[in-house]
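Chemist: next input, structure requested:
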Amino acid sequence: MTKPTFHFITLFPETIQVWMTTSILGRALKAQLFDLKIYQLRDFSEDKHLSVDDAAYGGGGGMVLRIEPLVKAVETIRKEIGETPTKVIYFSPAGKTLNHALVKNYVLDSKIDHFIFVCGHYEGVDQRFVDHWVDEEISIGDFVLTGGELPALAMADAMVRHLEGSLGSDSAADTESFSLRLGQSTLLEYPHYTRPSEFRGLGVPEILLSGNHPKIESWRLEQARQKTLNRRPDLLTPTL
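Modeler: Numbering: from 1, shown residues only. Next up is the predicted model:
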């Protein structure tokens, strides 16, 4: 993947700014592994009150984000980046579930350079915007949040971790949950331990203190298999 640019359209830019410029993501941003642009949706409002929402046709509780500022925001961004391959993603409980395979597919797809993340709020957005200006809807689970900022951050965070150089070790992501594999099965990550070697009578498995790295790797793989069997057996092939 070429260096991606994440464009966040949100009513709360400060929430995006803090997360995307802190810790591992902050270091990756400083290293220019990705670019970040954040847009306040109200900046695209065309009335003096900078309003972006209104009551839903047909009645019912809650407000709906209007189509005009949303479309203006997306079209402004597209005009700025020109013909560069772009994906507009809206985060919604009705979307495709975000998972490791989906994240990795986006990272490996070098055809997409810009991701426009639309963070909804209130009761949602005008459906016409979703039908005609959104390329894909994404969900992070079967529950409802107050806004799309958390799902958008989750997706961006997961993608950045797969960019070469973002982690301390280029192989670190290969041994995490959903990347670790045994045959055709995807495994959860094995347990980790660190100093002290004993705490209130609780010790560390002796194998990890042995210095025998081939045996340690074998032990870790078996631990990962057992954890997956106990907690996510759906990830294992029938032969395991």
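Chemist: go ahead and confirm residue 161 touches residue 24.
Modeler: Yes: Residue 161 sits in contact with residue 24 when judged by CB atoms under 8 Å, with a separation of 7.3 Å. C-beta here means a position set from N, CA and C on the backbone, and glycine is covered the same way.
Chemist: these two: who's more crowded?
Modeler: The residue with the greater number of neighbours, taking residue 161 and residue 24 and applying other CB atoms under 10 Å, is residue 161; the counts read 18 against 13.
Chemist: centroid residue for the chain?
Modeler: Taking CA atoms, centre = their mean, the centroid of the chain lies closest to residue 155, which sits 1.2 Å from it.
Chemist: residues contacting residue 13?
Modeler: With contact set as CB atoms under 8 Å, 6 or more residues apart in numbering, residue 13 has these partners: 38, 39, 40.
Chemist: distance from the chain centre to the lengthiest strand in the chain, please.
Modeler: With secondary structure taken from DSSP state E, the chain has its longest strand at strand 86-97. If you compare the mean C-alpha spot of strand 86-97 with that of the full chain, they lie 11 Å apart, counting by CA atoms, centre = their mean, to the nearest Å.
Chemist: ok, stretch 52-66 next?
Modeler: For stretch 52-66, the distance from its own C-alpha centre to the chain's C-alpha centre is 28 Å (CA atoms, centre = their mean).
Chemist: again, but for stretch 37-50
Modeler: Going by CA atoms, centre = their mean, where stretch 37-50 is centred and where its chain is centred differ by 25 Å.
Chemist: what mean pLDDT does the longest helix seen in the chain have?
Modeler: Once the chain is assigned using DSSP state H, the helix that runs over the most residues is helix 213-231. Helix 213-231 shows a mean pLDDT of 96.
Chemist: again, but for stretch 166-182
Modeler: Stretch 166-182 shows a mean pLDDT of 67 in the predicted model.
Chemist: strands paired with the lowest-mean-pLDDT helix or strand in the chain, and their directions?
Modeler: Of the helices and strands making up the chain, the lowest-confidence element is strand 181-182, at a mean of 78, by mean pLDDT, DSSP states H and E. Pairing partners of strand 181-182, with direction, according to DSSP bridges: strand 185-186 (antiparallel).
Chemist: on that earlier part again, what's in contact with the longest strand of the chain?
Modeler: Outside strand 86-97, the residues within contact range by CB under 8 Å, 6+ apart are 74, 77-78, 102, 106, 112-120, 124-125, 129-130, 133-144, 148, 151-152, 155.
Chemist: same question, stretch 131-151
Modeler: With CB under 8 Å, 6+ apart as the criterion, stretch 131-151 contacts 8, 10-12, 15-16, 70-71, 74, 87-98, 102, 117-121, 130, 154-155.
Chemist: give me the buried subset of the residues you listed.
Modeler: Neighbour counting over these (16 or more other CB atoms under 10 Å) leaves 8, 10-11, 15-16, 70-71, 74, 87-92, 95, 98, 102, 117-121, 130, 154-155 as the buried ones.
Chemist: could you pull out the strands in this protein for me?
Modeler: Under the criterion DSSP E, the chain carries strands at the ranges 5-10, 35-40, 53-55, 63-65, 86-97, 114-118, 136-139, 181-182, 185-186, 198-199, 202-203.
Chemist: including distance to residue 215, could those strands go into JSON lines?
Modeler: Putting the strands of the chain into JSON lines (distance: least, CB to CB, whole Å) gives the following:
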{"stretch": "strand 5-10", "distance to residue 215": "42"}
{"stretch": "strand 35-40", "distance to residue 215": "43"}
{"stretch": "strand 53-55", "distance to residue 215": "60"}
{"stretch": "strand 63-65", "distance to residue 215": "57"}
{"stretch": "strand 86-97", "distance to residue 215": "38"}
{"stretch": "strand 114-118", "distance to residue 215": "43"}
{"stretch": "strand 136-139", "distance to residue 215": "41"}
{"stretch": "strand 181-182", "distance to residue 215": "17"}
{"stretch": "strand 185-186", "distance to residue 215": "22"}
{"stretch": "strand 198-199", "distance to residue 215": "21"}
{"stretch": "strand 202-203", "distance to residue 215": "18"}
